[in-house]
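Visitor: generate coordinates for the sequence data below:
(one chain, ligands or ions: 1)
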Amino acid sequence: MIILKLGGSALTVKDADKPTIDEVNLDRIAEEISDYNDDMVIVHGAGSYGHIYAKKYAIGEKITGKDENQFKIEGLSLTQASVQLLNYLVVNKLQEKGIPAIGFKPSSFIMTENKRIAVCDTTIVQRYVDEGFVPVLYGDAVLDLNDELKFAVISGDQLITYFARQLNADRVILSSDVDGIYTDNPKTNPDAKLIDIVTKDTKLLLTENENQADVTGGMAGKIRELLELAEYGIESLIINAEKEGNLRLAVSGEKVTGTLIK
Ligand code: ADP
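Guide: Just a heads-up that it's a prediction; the model follows:
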C-alpha cells in the first residue's frame, strides 16, 4: 500500500491572501496518480486554505482568556470549513480522473494531546482501502486534550507518519514544490544542493546555522516526522510534484529525483 502526500504548496497558491487553488497543478497531479490502481491513501496539505485562518486565529497557541477562547472557537470553525472545501475540490478532481476517492474529515475522528495525535481510530479508513476506495485525508484544525490549548493544527505530514504506521504502508511518497531536502532553502539560496539520502545521522540543522544544512519552515517539520517514521522501518521519498511526470514515476515505483529518508 502507498501513502501519498500531496503538498499544500503544490496544490494551492501558498502565499495568496485568500484560499486559492492551483487548478493546473491539481489537474495534472490527479491525472498522474490515476494510472496507479493498487491500495492507496492520499493525504493533502492545507496550503492557503489552512494557513490563512490558522495564523489569523493562532490555532495551537495557548488560550489566555474567555474572549480569546470565543475567538478561537470561531477560528476553528472557519479553518475546518476552509480545508474541507479544499478536500472537496481535490476529491472531486480525483473522481474526474477515475479514482474512487473518499474524503475523510480528520477533525471528526482525531484529537491531539499537545499537538500530537492521541485519539484516532483507523479501522474505517482501512476498511475503505480493503474495499477498493482511495481515502483522502488532509491537514486540519482539531480539538486538543490539553486544556491550555484546546485546539491544534495537525499537518498532513503528521497524518502521513501516523497512518503509515497504523496501516503498515509499504511505500510513503511526499510531493512538494521542491525536489527534496536541500542543504539550504532552495527558494532563497541558489547554491543549495539536493541531498539524495537523509538518515538520523545526516548533519541537518532544523533551525539556523552557518555550517550545517539549514532547513526551516515546513520542510523542517516534515523531516522530523519522516525520521520518526524511518525509526519504525518505513522509508519515505520526497519528490517535486510541480515537475511533470514525477508523481507518475514515483507511484509506479520507478526512479525519480528526490530525497530518500531512511
Ligand atoms: P508542502 O506544503 O509541500 O508540504 P512546505 O511548504 O511545508 O511543503 O515545505 C516545503 C518548503 O520548505 C519549500 O517550498 C522550501 O521553500 C522550504 N524549505 C526550507 N528549507 C528547505 C530545505 N533545506 N530544503 C528544501 N526545502 C526547504
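Visitor: tell me, what's the model's pLDDT at Lys66?
Guide: Here the pLDDT value assigned to Lys66 is 85.
Visitor: ignore the last one, Lys72
Guide: 95.
Visitor: check Gly221 too.
Guide: On the pLDDT scale, Gly221 gets 84.
Visitor: got the contact list for it?
Guide: 155, 157 (CB atoms under 8 Å, 6 or more residues apart in numbering). Backbone N, C-alpha and C define where each C-beta goes, glycine included.
Visitor: quick one: it and the ligand, what's the gap?
Guide: 7 Å (CB to the nearest ligand atom, to the nearest Å).
Visitor: quick check: closest non-adjacent residue to Ser175.
Guide: Nearest residue to Ser175 in three dimensions, chain neighbours excluded: Ala241, at 3.4 Å (CB to CB, 6 or more residues apart in numbering).
Visitor: no no, Gly218
Guide: Ser9 (7.2 Å).
Visitor: mind checking pLDDT for the residue nearest to Ser175?
Guide: 95.
Visitor: burial count for it?
Guide: Using other CB atoms under 10 Å, Ala241 is surrounded by 27 other residues.
Visitor: again with Ala46
Guide: Applying other CB under 10 Å, I find that Ala46 has 28 neighbouring residues.
Visitor: isn't it up against Tyr138?
Guide: Yes - with contact defined as CB atoms under 8 Å, Ala46 reaches Tyr138; the gap is 6.4 Å.
Visitor: what's the overlap in contacts for those two?
Guide: What both Ala46 and Tyr138 touch, as defined by CB under 8 Å, 6+ apart, is the set 83, 86, 156.
Visitor: now those as JSON lines including pLDDT, distance to the ligand and neighbour count?
Guide: JSON lines is the format used below for the shared contacts of Ala46 and Tyr138 (pLDDT from 0 to 100; distance: CB to the nearest ligand atom, whole Å; neighbours: other CB atoms under 10 Å):
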{"residue": "Val83", "pLDDT": "98", "distance to the ligand": "13", "neighbour count": "30"}
{"residue": "Leu86", "pLDDT": "98", "distance to the ligand": "12", "neighbour count": "24"}
{"residue": "Gly156", "pLDDT": "94", "distance to the ligand": "6", "neighbour count": "27"}
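Visitor: narrow those to those in helices?
Guide: 83, 86, 156 (DSSP state H).
Visitor: between those residues, which sits nearest Val13?
Guide: Leu86 (11.8 Å; CB to CB).
Visitor: what residues does this structure put near the ligand?
Guide: 7-10, 45, 176-178, 181-182, 184-187, 215-219 (CB under 6 Å from any ligand atom).
Visitor: sorry, back to before: doesn't the residue nearest to Gly218 lie inside a helix?
Guide: Yes - under DSSP: H, G, I helix; E, B strand; the rest coil, Ser9 sits within a helix.
Visitor: where along the stretch 1-150 of the chain do the strands fall?
Guide: For the stretch 1-150 of the chain, strands defined by DSSP state E, counting those that start in this stretch occupy the ranges 2-6, 40-44, 101-103, 110-113, 116-120, 134-138, 140-144.
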